[in-house]
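Peer 1: Have a look at this fold, sequence not included:
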């Protein structure tokens, strides 16, 4: 269970003029998950939800920041009934998160993360004389910025 995804609900509507073609299991209590139609639809659901999951991950990452523009935007958003949302969508339309209007603010804090081998990170922590991996990230970014960006002025 990942709490940052608790607010998300996805809906897929199967619609067909011939109900016998819908992907029900033999007891008509659920979907036939072996069906090629279901498998193709599931892949479409995975593709459609990726931007939503990325957005929710960014929203969750804001918890560590002083400024939380995504959280503010979510709090200002109005609730809508699923029927109202469905009525506005065209077939196969996906969620697109394009950022907030203030995204271009160069002073806005953002998170940077990367994964490296534990042994290598431990060596860098010792060399930098820091205890936290977060500090390794900060110091290595500052080093790069000072030597590659400022140097190039």
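Peer 2: Now that the structure is in, tell me what you want to look at. Everything quoted here is computed from the prediction, not taken from an experiment.

Peer 1: Report the secondary structure state of the residue nearest to the spatial centre of the chain.
Peer 2: By C-alpha atoms, centre = their mean, the chain has its centre lying nearest to residue 54, at 1.1 Å. Of the three states, residue 54 takes helix under DSSP: H, G, I helix; E, B strand; the rest coil.

Peer 1: Against residue 10, how distant is it?
Peer 2: 14 Å (C-beta to C-beta, to the nearest Å). To be clear about C-beta, it is placed using only N, CA and C from the backbone, and glycine gets the same treatment.

Peer 1: so who does residue 61 touch?
Peer 2: By C-beta atoms under 8 Å, 6 or more residues apart in numbering, residue 61 lies in contact with residue 111.

Peer 1: Please disregard the earlier target; I meant residue 21.
Peer 2: Residue 21 touches nothing, counting by C-beta under 8 Å, 6+ apart.

Peer 1: Which parts of this protein are helices?
Peer 2: 36-61, 69-76, 82-88, 118-128, 133-144 (DSSP state H).

Peer 1: domain ranges for the chain?
Peer 2: 3-104, 118-150 (automatic domain parsing).

Peer 1: Do me a favour and get the end-to-end distance for the shortest one?
Peer 2: Same thing as domain 118-150. End-to-end distance for domain 118-150, by C-alpha to C-alpha, to the nearest Å: 30 Å.

Peer 1: got it, and stretch 119-135?
Peer 2: Start-to-end, stretch 119-135 (C-alpha to C-alpha) is 16 Å.

Peer 1: Lovely, talk soon.
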